[in-house]
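Chemist: model this:
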Amino acid sequence: QVRLVESGGGSVQSGGSLRVSCAASGLTYLTVMAWFRQAPGKERELVAAINWSGSMTTYSDSVKGRFAISRDNIRKMLYLQMNNLKPKDTAVYYCAADRGPRILTESSQYGNWGQGTQVTVSE
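Modeler: Model prediction:
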């Protein structure tokens, strides 16, 4: 049974940094993982995704150059380092995972989700 547990969210001022983490269990190594986020009144959107080996990543245009996704397959952890945070980054951030070697970019393609962690960025 797959279990994903996020941590590391919180409140920060504009321009600050946060790192959110996702502890995974029940996954095989050939697993694509991703971070999505959902702001109040908006649809869930992809933030970043990473393939099973960590050799390929993709980012939404809104976070490119500011956020970095990484994974540690030994520790079964997924990370999102967020720098130069802006108020528009305020959302609940979700960890997602599914089988396969290739990057997946649609939320409907992921069958496993964490409970989410709140990130709030103030002016």
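Chemist: For the residue nearest to the spatial centre of the chain, which non-adjacent residue is closest in space?
Modeler: In the chain, the C-alpha nearest the mean C-alpha coordinate belongs to W35, at 2.0 Å (Cα atoms, centre = their mean). For W35, ignoring the flanking residues on the chain, the nearest one in space by Cβ to Cβ, 6 or more residues apart in numbering is V47 at 4.3 Å. From N, CA and C alone the C-beta is placed, and that goes for glycine too.
Chemist: what separates the residue nearest to the centre of the chain from E123, distance-wise?
Modeler: Look at W35 and E123: by Cβ to Cβ, to the nearest Å, they are 24 Å apart.
Chemist: where do the strands sit along this structure?
Modeler: 3-7, 10-13, 18-25, 31-38, 45-50, 57-59, 67-72, 77-82, 91-99, 112-113, 117-122 (DSSP state E).
Chemist: helices or strands up against the third one?
Modeler: Under the contact criterion of 3 or more Cβ pairs under 8 Å, 6 or more residues apart in numbering; DSSP states H and E, strand 18-25 touches strand 3-7, strand 31-38, strand 77-82, strand 91-99, strand 117-122.
Chemist: In it, which residues are buried?
Modeler: Neighbour-count burial for strand 18-25 flags L18, V20, S21, C22, A24 (criterion: 16 or more other Cβ atoms under 10 Å).
Chemist: So what's the predicted local confidence for the nearest residue to the first one once chain neighbours are set aside?
Modeler: Distance criterion Cβ to Cβ, 6+ apart; nearest residue to L18, sequence neighbours excluded, is M82 at 5.0 Å. The per-residue pLDDT reported for M82 equals 98.
Chemist: what about M82, how many residues close to it?
Modeler: 25 (other Cβ atoms under 10 Å).
Chemist: Check V119 too.
Modeler: For V119, the neighbour count with other Cβ under 10 Å is 22.
Chemist: excluding its backbone neighbours, what's nearest it?
Modeler: Counting by Cβ to Cβ, 6+ apart, the residue nearest V119 is G9, at 4.8 Å.
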